[in-house]
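Asks: need the 3D shape of this:
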Amino acid sequence: MRIGFKSLVVATAAALMVAPLTTGSASADPTPVPQAQDIVGVGAQTTQALLSQFSADYNASLGSDTTSPRMYSWDATGPSPIQTKAGANAIYRPYGPSAGITALVATGVTTTDFARSDRASAATDPHGLDFVALAKDAVTWSSPANGNAPAQLTPGQLFGIYTCNITNWQQISQSLRNAPIKPYLPRICSGTGTFFWNAIGHPALGGCVTIGPEENEGTDPALQDPNVVFPYSVGRYLGQTAGGHSTTTDAPGSLSLRNVVVGGPTLTPVTNNQIDINFANSQFGHLVYNVFRDAEWSGTDAHAQALQNVFGPTGWICNDTVAAVDLASYGFLSTPACGVASLT
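Replies: Numbers count the residues shown, from 1 in each chain. You can find the predicted model right below:
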């Protein structure tokens with residue numbers, strides 16, 4: 001049976017709001033629980049470590065200021081349900097951008113203030129949301145470092161692998177090992193998986209595709225097979241490796257990032273421990289966002305000003321030197337669009 005990955009994501013996002021998620025990487029949730037006036041986010045796994053670091057450094061920058069709201073971010077995985085703020089009703093922990101956006105829409109300022117998103121707005125998103133640009137990322141494919149995969153593939157070859165029309169490495173080249181290719185996609189509602197699926201032409205997935213490992217982690221035993229193909233955020237990979245921001249599970253394991261041949265040239269995802277600019281400007285590069293309810297983002301009250309002070313074009317994230325160091329350390333590229341909102 002062939003099925004589109006996007007249809008699985010859409011069908012599952014709402015379900016994740018009513019089903020507990022108790023597995024995944026180690027949690028870096030706020031401790032103690034944030035206060036009612038604080039700025040709190042949920043959502044995508046790809047940028048959760050970056051937002052946790054931003055939270056620590058932004059809050060530290062406030063110093064002796066005891067009146068300004070602090071900023072906090074809840075991980076995509078961990079024990080569920082969660083009480084996001086003091087006095088808030090508990091909610092099931094949102095996993096991924098779509099579930100985070102669903103939680104944002106379903107709650108108010110007493111529970112959530114923003115959703116992390118590693119995808120752009122979609123036609124299926126509710127109206128009245130602001131997708132505020134944060135940084136530039138890219139997604140490529142990965143495979144075990146000493147495995148059977150070649151150094152590069154074309155988007156067409158990746159399309160064929162995920163439709164299961166290409167099932168053996170010798171269909172790519174007779175010089176490769178005669179071995180079955182094992183394509184994987186991350187668990188449902190993964191922003192990384194959805195973006196990658198779109199970047200290679202949104203193939204109808206064949207029966208050889210396995211969906212399930214945690215996104216942007218290579219420590220799952222299934223991913224140690226030498227024939228694995230698995231999408232990976234380049235920014236998250238660099239944060240884990242060059243930046244040193246990894247744990248026993250939140251790490252690439254044996255996976256290494258691979259090149260993509262686009263229209264002739266071979267594009268390399270990493271140059272000098274940064275996302276390669278040509279790769280970032282290809283179909284495999286994209287912005288990551290934080291999403292807000294427009295009534296609050298565009299408001300004139302103290303809460304709206306607090307949001308702008310952190311996330312806006314003149315806010316801390318887009319302008320502070322510590323934030324810039326954090327962004328680079330966690331593997332992402334800065335963008336001139338930082339803080340610019342797109343309204344759904």
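
Asks: show me where the stretch 201-344 of the chain has its helices.
Replies: Taking DSSP state H, counting those that start in this stretch as the test, the helices found in the stretch 201-344 of the chain are 234-240, 277-280, 294-297, 302-311, 316-319, 321-329.

Asks: so where's the stretch 201-344 of the chain uncertain?
Replies: Scanning the stretch 201-344 of the chain for pLDDT under 70 picks out no residues.

Asks: quick one: the strands in it?
Replies: Here the stretch 201-344 of the chain has its strands, by DSSP state E, counting those that start in this stretch, at 204-205, 210-211, 228-233, 255-257, 259-261, 266-267, 270-271, 274-275, 285-293, 341-343.

Asks: quick one on the thing from earlier: so which of the helices of the stretch 201-344 of the chain comes closest to residue 338?
Replies: Nearest to residue 338 among the helices of the stretch 201-344 of the chain is helix 316-319 (3.9 Å), distances taken as C-beta to C-beta. The C-beta positions use only the backbone N, C-alpha and C, and glycine is treated the same way.

Asks: which secondary structure elements does the closest one contact?
Replies: If you count contacts as 3 or more C-beta pairs under 8 Å, 6 or more residues apart in numbering; DSSP states H and E, helix 316-319 packs onto helix 48-61, helix 302-311.

Asks: deepest-packed of the strands of the stretch 201-344 of the chain, please.
Replies: strand 228-233 (a mean of 27; mean count of other C-beta atoms under 10 Å).

Asks: related to what we said a few turns ago, residue 35: which of the helices and strands packed on helix 316-319 is closest?
Replies: helix 48-61 (11.7 Å).

Asks: wait, residue 152 sits on residue 261?
Replies: Yes - in this structure, residue 152 is within contact of residue 261 by C-beta atoms under 8 Å, at 5.3 Å.

Asks: rewinding a little: tell me the most buried of the helices of the stretch 201-344 of the chain?
Replies: Among the helices of the stretch 201-344 of the chain, helix 234-240 has the highest mean neighbour count (mean count of other C-beta under 10 Å), at a mean of 27.

Asks: which strands and helices lie in contact with that helix?
Replies: By 3+ C-beta pairs under 8 Å, 6+ apart, helix 234-240 packs against helix 48-61, strand 129-144, strand 270-271, strand 274-275.

Asks: name the residue closest to the centre of the protein, please.
Replies: Nearest residue to the geometric centre of the chain (C-alpha atoms, centre = their mean): residue 46, 2.7 Å.

Asks: tell me the secondary structure for that one?
Replies: Classification of residue 46 using DSSP: H, G, I helix; E, B strand; the rest coil returns coil.

Asks: I'd guessed it sits against residue 191; true?
Replies: Yes - using C-beta under 8 Å, residue 46 makes contact with residue 191 at a distance of 5.9 Å.

Asks: quick check: neighbours shared by the two?
Replies: Taking C-beta atoms under 8 Å, 6 or more residues apart in numbering as the contact rule, residue 46 and residue 191 both touch 118, 215.

Asks: how many neighbours does the closest residue to residue 213 other than its chain neighbours have?
Replies: The shortest distance from residue 213 to any non-neighbouring residue, by C-beta to C-beta, 6 or more residues apart in numbering, is to residue 220 (4.3 Å). Residue 220: 17 surrounding residues under other C-beta atoms under 10 Å.

Asks: next, the contact list for residue 220, please.
Replies: Taking C-beta under 8 Å, 6+ apart as the contact definition, residue 220 lies against 213-214, 253.

Asks: go on, residue 307?
Replies: So residue 307 contacts 39, 113-114, 292, 296-297 (C-beta under 8 Å, 6+ apart).

Asks: tell me the contacts of residue 76?
Replies: 24, 42-45, 48, 93-96, 100.

Asks: where does it sit, in terms of helix or strand?
Replies: In the assignment (DSSP states H and E), residue 76 maps to no helix and no strand.

Asks: straight-line length of stretch 304-322, end to end?
Replies: 23 Å (C-alpha to C-alpha, to the nearest Å).

Asks: repeat for stretch 270-281
Replies: OK, stretch 270-281 end separation, C-alpha to C-alpha: 13 Å.

Asks: distance from that stretch to the middle of the chain?
Replies: 17 Å (C-alpha atoms, centre = their mean, to the nearest Å).

Asks: ok, stretch 124-131 next?
Replies: Per C-alpha atoms, centre = their mean, the centroid offset for stretch 124-131 relative to its chain is 18 Å.

Asks: got the contact list for it?
Replies: 10, 101, 104-105, 117, 120-121, 289, 291-295, 297-298, 341-344.
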